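A.B. asks: Predicted structure and sequence below. I'll ask about it afterward.
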Amino acid sequence: MSAERTTSLPLAGAASRTAPHDATPGATQAAPGSLPIAETFVSVQGEGRLAGVPSWFVRTSGCNLRCAWCDTPYASWRPEGSARTIDDLVREARASGVRHAVVTGGEPMIFEPIAALCAALRDAGLHVTIETAGTVWRGVHADLMSISPKLANSTPAPEQGGAWAQRHEARRIDLDALQRLIDAHPERQLKFVVAAPTDLAEIEALLARLHNWRNEDVLLMPEGVTPEALAARAWVVEACVERGWRYCPRLHIELFGNTRGT
Ligand code: SF4
């Protein structure tokens, strides 16, 4: 699949100017009107309500979390990329010829200029989806807010995460940010990565502490980056049927495997 990416330049040294939510070494702050970008590419959306829709993706570099199973370590554990201006990004999005833009990460919401990028993309006539873990509240306009709260299964073991294990666990759920995102975005999805049936009780407990969401907002996506691992998750379908939630396939894994830029 075509992948027009930025060059991969290390962002080391920029950490001291990161947003307060992001104590990420090597992740990122760019000049006003620009954002640290790990990659851009054109593909089909692989997950959620708009699965299959041709989209231009922009992946900001840097994350305030460190999921154990993160499939974009080049935007979290080992952030890379280069600063790009909003004007440049919007020009590229328009030139891509597709009508949907997906603003993803990393965690795009840790960057203040993300609101201006989304506004400019929408002004250019693109439908904008923001993909976020829902730990940061920021007033932004999006046509679809795709929120993926991280469950306990995301927390790295101390030997994997070091200091990040505790930091991740403390940050992964922010009820106030989640509720504000839900309230501000009627067009939304709550996408949970599930690894075992025990995750279901955790999701239900979290949803019980939130309001204003609908059953059809809730999507369960099996964890796994191989078609074989995903095929072993029939229990996820059953859980969705029982609760009126949605099963969320990972189309890009099915089509391309765990490949960057797809
Ligand atoms: S929130 Fe997303 S980008 Fe950040 S560590 Fe988790 S999976 Fe990776």
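C.D. replies: Structure's in. What do you need?
A.B. asks: what does the protein have sitting close to the ligand?
C.D. replies: 63, 65-67, 70, 72, 75-76, 105-107, 133 (Cβ under 6 Å from any ligand atom). Every residue, glycine included, has its C-beta placed from N, CA and C.
A.B. asks: so residue 239 makes contact with residue 199?
C.D. replies: No - assessed by Cβ atoms under 8 Å, residue 239 is found out of contact with residue 199, at 9.1 Å.
A.B. asks: Pull out the buried residues from stretch 115-129.
C.D. replies: 115-121, 126-129 (16 or more other Cβ atoms under 10 Å).
A.B. asks: Now do the same for that stretch: mean pLDDT, whole number.
C.D. replies: Averaging the model's pLDDT scores along stretch 115-129 yields 98.
A.B. asks: One more: stretch 188-200?
C.D. replies: 94.
A.B. asks: For that stretch, list the C-alpha coordinates in CSV.
C.D. replies: Extracted C-alpha coordinates of stretch 188-200, given in CSV (Å, rounded to 0.1, in the frame of the first residue of the first chain):
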residue,chain,number,x,y,z
ARG,A,188,-17.7,8.7,18.8
GLN,A,189,-16.5,5.2,19.4
LEU,A,190,-15.1,3.6,22.5
LYS,A,191,-12.7,1.0,21.2
PHE,A,192,-11.3,-1.5,23.7
VAL,A,193,-8.4,-3.9,23.0
VAL,A,194,-9.2,-7.2,24.7
ALA,A,195,-6.9,-10.0,25.4
ALA,A,196,-8.8,-12.3,27.7
PRO,A,197,-12.5,-12.8,28.8
THR,A,198,-11.5,-11.3,32.2
ASP,A,199,-11.1,-7.9,30.4
LEU,A,200,-14.9,-7.8,30.0
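A.B. asks: Just the buried positions in it, please.
C.D. replies: Residues of stretch 188-200 classed as buried: 188-195, 199-200 (neighbour count, 16+ other Cβ under 10 Å).
A.B. asks: of the residues you listed, closest to residue 100?
C.D. replies: Among these, residue 189 lies closest to residue 100 (Cβ to Cβ), at 14.5 Å.
A.B. asks: Got the phi and psi for the closest one?
C.D. replies: phi -140, psi 150 (degrees, to the nearest 10).
A.B. asks: Could you point out which of the buried residues of stretch 188-200 is nearest to residue 178?
C.D. replies: residue 190 (8.5 Å).
A.B. asks: which ones are touching that closest one?
C.D. replies: Listed by Cβ atoms under 8 Å, 6 or more residues apart in numbering, the contact partners of residue 190 are 147-149, 182, 207, 213, 217-219.
A.B. asks: Torsion angles phi and psi at it?
C.D. replies: The phi/psi pair for residue 190 (degrees, to the nearest 10) reads phi -110, psi 100.
A.B. asks: same deal with residue 117?
C.D. replies: For residue 117, the backbone dihedrals (degrees, to the nearest 10) come out as phi -60, psi -50.
A.B. asks: how close does residue 182 get to residue 223?
C.D. replies: Shown here: residue 182 relative to residue 223, a distance of 23 Å by Cβ to Cβ, to the nearest Å.
A.B. asks: circling back to that earlier point, output the buried residues of stretch 115-129 as JSON lines; include the columns distance to residue 93.
C.D. replies: JSON lines is the format used below for the buried residues of stretch 115-129 (distance: Cβ to Cβ, whole Å):
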{"residue": "115", "distance to residue 93": "16"}
{"residue": "116", "distance to residue 93": "14"}
{"residue": "117", "distance to residue 93": "9"}
{"residue": "118", "distance to residue 93": "11"}
{"residue": "119", "distance to residue 93": "13"}
{"residue": "120", "distance to residue 93": "9"}
{"residue": "121", "distance to residue 93": "6"}
{"residue": "126", "distance to residue 93": "6"}
{"residue": "127", "distance to residue 93": "11"}
{"residue": "128", "distance to residue 93": "10"}
{"residue": "129", "distance to residue 93": "12"}
